[in-house]
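**Student:** Quick one: sequence and predicted model below, then my questions.
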Amino acid sequence: MAIPYTQASMALVRAVDGTFISYPFIESGDTTTKVYNLVCTQRASDYNAAQIALDDTMSSAVNAGVIDLPSGWADSNAYFVGDTGHAPIAGGMISFTRTFANIPQSTNIASGSEFVTFPGISGTYTSYTKRVITSLSMTAGVPGITFTTGTNHNFSSLENVVVNASYVVANDPFIHHVNGNFSVIENTLTTFRIDPGHYWQEQVSLLPITRGLATPNTCYRSPLIRQPLSRNIATQTRYDYILPGVTSGISDVTDINVPQAFSVTDVLTGYQTDTAKPTFAGTAYDEGPPEVLAVPATETIPTAEEYANIIEQQYNIVVESSLSEWAGNILVMKTKTCKAQ
């Protein structure tokens, strides 16, 4: 009678056909981050979930816990993130996928749009001065629309203007409308440029529409004074990947500080004025909508003028952030931002 015989190598982990490398972030511009997927087999009774530890590197076959690695696969910057997909196969064997991954590069990608509430801005009251808009223009490659007024408007690049205007693109019957409070990007005595979110791929002619309007296309001066704004705005999300114990300066998860959403802070008390009301000095009106954020003229970080400068320089502010697991012990920090308005 034949004596049953089992090869000793069946007790070891063997990488078999189907093993592959993936590049999960190519579409985000990261062409170097690799995820190594080793399809493995082993005698089921010999499988040991603790054979290798999370964060062990794939610097050699021994470190990876397999008999052999595919040619050229040894990577000391690839970290073990887990065994998955365990399934029994014939002959008392088990199949599973053993995965190692590089720490992904940081990426910053467009993440759609959402409504964001921006702070009201306090300041010294100046009577609104209405100006009539006589013409509009755009320059290919330059964001925004330039408006020309019939007389000197006295706007500066640190101010907000209220605009109400309609126009068409030459030879196109569609009527565009601009309405709301905007920051002045650039100005001369009789022109000012704002970005209302209208864009073209080439140079076009813009023609103001006045027919049927009781009031012509107009604009008003609104220096450092406005109510809070809620706008649907484009956002970007930055993805930063962290492996505690490997990433420089991060020994464990308690060393990670998640960026906080933008707020206005009282320099004397440290209180975040997320329920403050805008103050319009010099007027009887000093009430704003409840539960809104306002930037007073002084004694806050930022001040009203500093926040206006943040808008002018088109700085991004944090909308929200989070920290979660990406793979194994590798974490991903997501920081969503938008341009200050």
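**Tutor:** Looks like it arrived, so ask away.

**Student:** can you give me the helices for the stretch 201-341 of the chain?
**Tutor:** Counting by DSSP state H, counting those that start in this stretch, the segments of the stretch 201-341 of the chain that form helices are 304-312.

**Student:** Low-confidence ranges, it, go.
**Tutor:** Along the stretch 201-341 of the chain, the parts satisfying pLDDT under 70 run over 211-215, 222-226, 267-299.

**Student:** make it 50
**Tutor:** In the predicted model of the stretch 201-341 of the chain, residues 274-278, 280-294, 297 satisfy pLDDT under 50.

**Student:** how about the strands in it?
**Tutor:** For the stretch 201-341 of the chain, applying DSSP state E, counting those that start in this stretch gives strands covering 206-208, 218-222, 229-242, 265-266, 280-281, 294-295, 300-301, 316-327, 330-339.

**Student:** out of those strands, deepest packed?
**Tutor:** strand 294-295 (a mean of 25; mean count of other Cβ atoms under 10 Å). In short, each C-beta sits where N, CA and C put it, glycine included.

**Student:** pretty sure residue 338 is touching residue 115, no?
**Tutor:** No: in this structure residue 338 lies outside contact range of residue 115 using Cβ atoms under 8 Å: 10.5 Å.

**Student:** got any residues that touch both of those two?
**Tutor:** residue 233 (Cβ atoms under 8 Å, 6 or more residues apart in numbering).

**Student:** what would the strands of the stretch 201-341 of the chain look like in CSV with distance to residue 85?
**Tutor:** Conversion of these to CSV gives the following (distance: least, Cβ to Cβ, whole Å):
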stretch, distance to residue 85
strand 206-208, 59
strand 218-222, 61
strand 229-242, 23
strand 265-266, 49
strand 280-281, 64
strand 294-295, 53
strand 300-301, 51
strand 316-327, 14
strand 330-339, 19
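
**Student:** so which of those strands comes closest to residue 93?
**Tutor:** strand 316-327 (26.1 Å; Cβ to Cβ).

**Student:** Neighbouring strands of that closest one in the sheet, and parallel or not?
**Tutor:** Strand pairing for strand 316-327, determined by DSSP bridges: strand 330-339 (antiparallel).
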